[in-house]
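In: Quick one, fold the following:
(chains A and B, ligands or ions: 2)
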Amino acid sequence: MIICNALTRRYDDITAISDLTLTIEDQEVFGLLGPNGAGKTTTMRMLACLISPTAGDATIGGHSILDRQGQQEIRRITGLLPEAPGLYDTLSAHANLDFYGKLYGMPSSLRERSIKEVLEKFDLWDRRDDAVGTFSKGMRQKVAIARAILHDPTYLFLDEPTAGLDPKASKTVRDYIVSLREEGKTIVINTHNLGEAERICDRVALINGRMIQVGPPENLAKGLFARTLTVTLTEEDPSLAERLGTLPFVASVEASGARLKLAVTDPERTNPQLVRWLVEQGAQVQFIEEEEYSLEDVYLALIEESGRR
Amino acid sequence: MIPQNAMAVMRKDLAEFRRQKLVIGSIIAMPLLLGILIPISLFAPIAMEAPDGPTWDVENLFSTGALDPSWTMPETSSVLEGIETADVALSNTRVDNATIERAVLTGCIVHDTELRNATLDSCALDNVDLYNCIVTNSKGTALDGNAIMSIDSELTFERTRESDLEQLLPTFLNMTLILFIILPVTLPTIIASYSIVGEKNNKSLEPILASPTTDGELLLGKVLSAFVPSIASTLGAVVVGGALVNVFLAQLGEPLLPNLTWILGILVLAPLACIMSILACVIVSSRVTDVRAAQQVGGFIVMPVIVLMFGVLAGVILLTPLAMLAICAAFAAANGGLYYFAKAIFNREDILIRWA
Ligand SMILES: Nc1ncnc2c1ncn2[C@@H]1O[C@H](COP(=O)(O)OP(=O)(O)O)[C@@H](O)[C@H]1O
Ligand SMILES: [Mg+2]
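Out: Ligands and ions are numbered 1, 2, ... in the order given. Below you'll find the model as predicted:
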């Protein structure tokens, strides 16, 4: 379990992230979602014990990131994919991975086995002896992810794992992340890509210098917009639209031909009344449906609204 | 003994160097070139000017008449000692410790004397400086001078140059040693300046720091990866250079190298100087943001050894084995200090977040 408690980090005069409080459950794929400069990388670096918070605390698997001993323990049980892959271009994929295997104290037989396993998983085993400098961007990213999971960490931090990859490579990486979840790893993913968060994350925290909202990606919209109902009539009826506006639970009405858009706050409670009222008014109702906002709209609106500071 | 992580960092670095032709070239070619050029420039002239031919047995020269049995020692009836004179003719005189110009000497025994524009016949000479002299039917040893015409005489010249050489030789050898010790100081600077900044610029510092590698292990690994190739190629250069020195000085008899000063210099002082240079570079490398700046600052690191060299040249420092031990102790102490300083100022967070 990862618990952030009022985690805050300032750089000189910029507060990159302030007061972040959240809990990430074991075996969860958790997204830190936010635009560039939202403080995602900063948060991840604090969790990976690369930089220290200027206020607040976090624990990973019960070890505090503020405690020296805890940091060393956290480094052992976590794997990090940084923003940039940071591979050694002149060395082979195998040599790159072997080096990190040693840094994590893996004995050579285990190292060999793990390297083979991860490289095979990414279809890179045949290219193991080629210099990483000759690899495509997607292949390099795969090697970097392989590096992060080589020592079989319990917690995995992936900072924008698909950034700059073409759609095919992105899909490989995403599929792989999903398969890692099945292996029981707890994964934190930084992304500014809503679609990605939606596809692979169990829950996301929308952040922009601070926490905006946390929950399953499909719940982001809840409570943000007044919800919208679309009532479709068999024929146009302007006077009905006017009369609808006088109902207490209808905030606004917008008519376009035979379609009426109603803004309501609690449709679960008020829809029966609405339907009864429409029938009483003699309206010929064809459909009543709730408008689905795209997550994209929600995301943009939330970011817009939060601003920065 | 050496932590596994430090070894891993070193091995990784060495594997990287192997693929960088420039690094390999400069680390192997430069020392070998110096190993050959230094002995040639310092010792080859000596080899070419050194005297050859037999040396007389000074003890027996005057008592037995030496090589030529028909030659007999002149008999002297008077003694001239400690004078300075000119335009004289001397016969059957024993001359000691004198300076004489424009003279004619017949049947004289001359010791420790300077003769100019003289004509000598049937004389025995020992340790005499002869300038523009004509010498006939004489014997002599330990002579020095120029424009001597000797007819039917057996004269052995012991040049002043050579006796000077004997005094200069230790200084020459010491200077050569110091020149070789400059190698382990300069060689690692390229690698060591690259150590931390290089990882940062390659963005590979972050994954290393995210692993359980400690600051000490990382620093040690970086020191080792600069140390191993530098010392190896220094040793190669010294073996080549030392062998050449021995070849050039072969006429002096016993090989002069390795002597104790050299052994201490190469096996103790060179590694210490190397580590000092590396630590200084690593410190700089963890404080600046680009590789080139690190290398420029790294250039100052030769200073202690340069100071040592001028000290030796000026005769202020005599590199006796004991002095060597003292110098080594000083370097070792400096290294201890530098290591703790490097560890103290190594701030991983700072290095990571400082804008490149
Ligand atoms: N090393 C740094 N020094 C100073 N400011 C920084 C540094 N790293 C990040 N920041 C600032 O902190 C904020 C958050 O950055 P970051 O965590 O990288 O965001 P994200 O990863 O979400 O794009 C930004 O305003 C950025 O300019
Ligand atoms: Mg980022």
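
In: CA atoms for contacts and neighbours, from now on please.
Out: Will do.

In: Buried by neighbour count: which residues of stretch B:189-201 qualify?
Out: B:189, B:190, B:191, B:192, B:193, B:194, B:195, B:196, B:197, B:198, B:199, B:200 (16 or more other CA atoms under 10 Å in any protein chain shown).

In: Name the next helix or strand following the helix of greatest length in chain A along the chain.
Out: Taking DSSP state H as the criterion, chain A has its longest helix at helix A:167-182. Using DSSP states H and E, the helix or strand that follows helix A:167-182 in sequence is strand A:186-191.

In: Low-confidence ranges, chain B, go.
Out: Residues of chain B meeting the criterion pLDDT under 70: B:49-70, B:145-148, B:157-167, B:253, B:298, B:355-356.

In: Report the contact partners of residue B:119.
Out: B:102, B:103, B:104, B:105, B:133, B:134, B:135 (CA atoms under 8 Å, 6 or more residues apart in numbering or on different chains).

In: what's in contact with stretch B:127-136?
Out: Taking CA under 8 Å, 6+ apart as the rule, stretch B:127-136 contacts B:110-122, B:140-153.

In: Buried ones only from these, please, as a ChimeraX command.
Out: Buried residues within the contacts of stretch B:127-136, by 16+ other CA under 10 Å, are selected in ChimeraX with:
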select /B:110,111,112,113,114,115,116,117,118,119,120,121,122,140,141,142,143,144,145,148,150,153
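
In: so which strand or helix has whichever residue of the stretch 251-356 of chain B sits closest to chain A?
Out: Nearest residue of the stretch 251-356 of chain B to chain A: residue B:349, at 5.3 Å (CA to the nearest CA). Taking DSSP H and E as the criterion, residue B:349 maps to helix B:348-353.

In: which residues touch that helix?
Out: Counting by CA under 8 Å, 6+ apart, residues outside helix B:348-353 touching it are A:50, A:51, A:52, B:200, B:205, B:206, B:209, B:215, B:286, B:287.

In: Pick out whichever of these sits closest to ligand 1.
Out: Using CA to the nearest ligand atom, residue A:51 is the member of the contacts of helix B:348-353 that sits closest to ligand 1, with 9.8 Å.

In: quick one: secondary structure of that closest one?
Out: coil (DSSP: H, G, I helix; E, B strand; the rest coil).

In: residues near it, how many?
Out: 19 (other CA atoms under 10 Å in any protein chain shown).

In: Please name the residues that touch it.
Out: A:45, B:349.

In: confidence score at it?
Out: As predicted, residue A:51 sits at a pLDDT of 95.

In: Could you pull out the helices in the chain for me?
Out: The chain I'm using is chain A. In chain A, the segments counted as helices under DSSP H are A:40-47, A:68-77, A:93-103, A:108-121, A:137-149, A:167-182, A:194-200, A:238-244, A:267-280, A:295-306.

In: meant chain B actually
Out: Under DSSP H, chain B gives helices at B:4-18, B:21-49, B:58-64, B:160-201, B:205-210, B:215-248, B:260-264, B:270-285, B:291-298, B:303-313, B:321-345, B:348-353.

In: and among those helices, the most buried is which?
Out: helix B:270-285 (a mean of 28; mean count of other CA atoms under 10 Å in any protein chain shown).

In: can you state the direction angle for it and helix B:321-345?
Out: 20 degrees (axes from the mean of the first three to the mean of the last three CA atoms, to 10 degrees).

In: on contacts alone, who are the packing partners of helix B:270-285?
Out: Other elements packing on helix B:270-285 under the criterion 3 or more CA pairs under 8 Å, 6 or more residues apart in numbering or on different chains; DSSP states H and E are helix B:160-201, helix B:215-248, helix B:291-298, helix B:321-345.

In: angle of that helix against helix B:303-313?
Out: Using the same axes, to 10 degrees: helix B:270-285 against helix B:303-313 is 140 degrees.

In: ok now helix B:270-285, how far from the chain's centre?
Out: 23 Å (CA atoms, centre = their mean, to the nearest Å).

In: who are the neighbours in contact with the residue of the stretch 1-150 of chain B found nearest ligand 1?
Out: The nearest approach of the stretch 1-150 of chain B to ligand 1 comes at residue B:9, 25.1 Å away (CA to the nearest ligand atom). Residue B:9 is in contact with A:99, B:218, B:221, B:222, B:225, counting by CA under 8 Å, 6+ apart.

In: got those as JSON lines, with distance to residue A:93 columns?
Out: Output for the contacts of residue B:9, formatted as JSON lines (distance: CA to CA, whole Å):
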{"residue": "A:99", "distance to residue A:93": "10"}
{"residue": "B:218", "distance to residue A:93": "22"}
{"residue": "B:221", "distance to residue A:93": "21"}
{"residue": "B:222", "distance to residue A:93": "22"}
{"residue": "B:225", "distance to residue A:93": "21"}
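
In: farthest pair in the contacts of residue B:119?
Out: B:102 and B:135 (13.3 Å; CA to CA).

In: ok, these two, which is more surrounded?
Out: Between residue B:102 and residue B:135, counted using other CA under 10 Å, the more crowded position is residue B:135 (23 against 17).

In: and chain A, which residues reach chain B?
Out: A:48-52, A:72-73, A:75-76, A:79-82, A:84-88, A:90-91, A:95, A:99-100, A:102-105 (CA under 8 Å from any CA of the partner chain).

In: Kindly supply the ChimeraX command isolating those of the residues you listed that are buried.
Out: A single ChimeraX command selects the buried members of the residues of chain A next to chain B (16+ other CA under 10 Å):
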select /A:48,49,50,51,52,72,73,75,76,79,80,81,82,84,85,86,87,88,90,91,95,99,100,102,103,104,105
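
In: What's the per-residue pLDDT of the residue lying closest to residue A:207 once chain neighbours are set aside here?
Out: Leaving out its chain neighbours, the residue that sits closest to residue A:207 by CA to CA, 6 or more residues apart in numbering or on different chains is residue A:34, at 5.2 Å. Per-residue pLDDT puts residue A:34 at 89.

In: Quickly note the distance from the closest residue to residue A:63 other than its chain neighbours to residue A:78.
Out: Excluding the flanking residues, the one nearest residue A:63 by CA to CA, 6+ apart is residue A:70, at 4.8 Å. Per CA to CA, to the nearest Å, residue A:70 is found 12 Å from residue A:78.

In: try residue B:272
Out: From residue B:272 to residue A:78 the distance is 39 Å (CA to CA).

In: try residue B:104
Out: 102 Å.

In: same deal with residue B:292?
Out: Taking CA to CA, one finds residue B:292 at 34 Å from residue A:78.

In: nearest residue to residue B:238 other than its sequence neighbours?
Out: In space, residue B:238 is closest to residue B:35, 6.1 Å off (CA to CA, 6+ apart).

In: Enumerate every residue touching the one you found.
Out: B:180, B:237, B:238, B:240, B:241, B:242.

In: okay, now residue A:167: neighbour count?
Out: Residues within reach of residue A:167, counting by other CA under 10 Å, total 11.

In: hmm, I was thinking of residue A:137
Out: 16.

In: OK, contacts around it?
Out: A:164, A:165.

In: care to break chain B down by domain?
Out: B:3-50+B:163-354, B:55-161 (automatic domain parsing).

In: who does the nearest residue to residue A:288 once chain neighbours are set aside bridge with?
Out: Residue nearest to residue A:288 in three dimensions, not counting chain neighbours: residue A:231, with 4.6 Å by CA to CA, 6+ apart. Residue A:231 has these beta-bridge partners by DSSP bridges: residue A:260, residue A:288.
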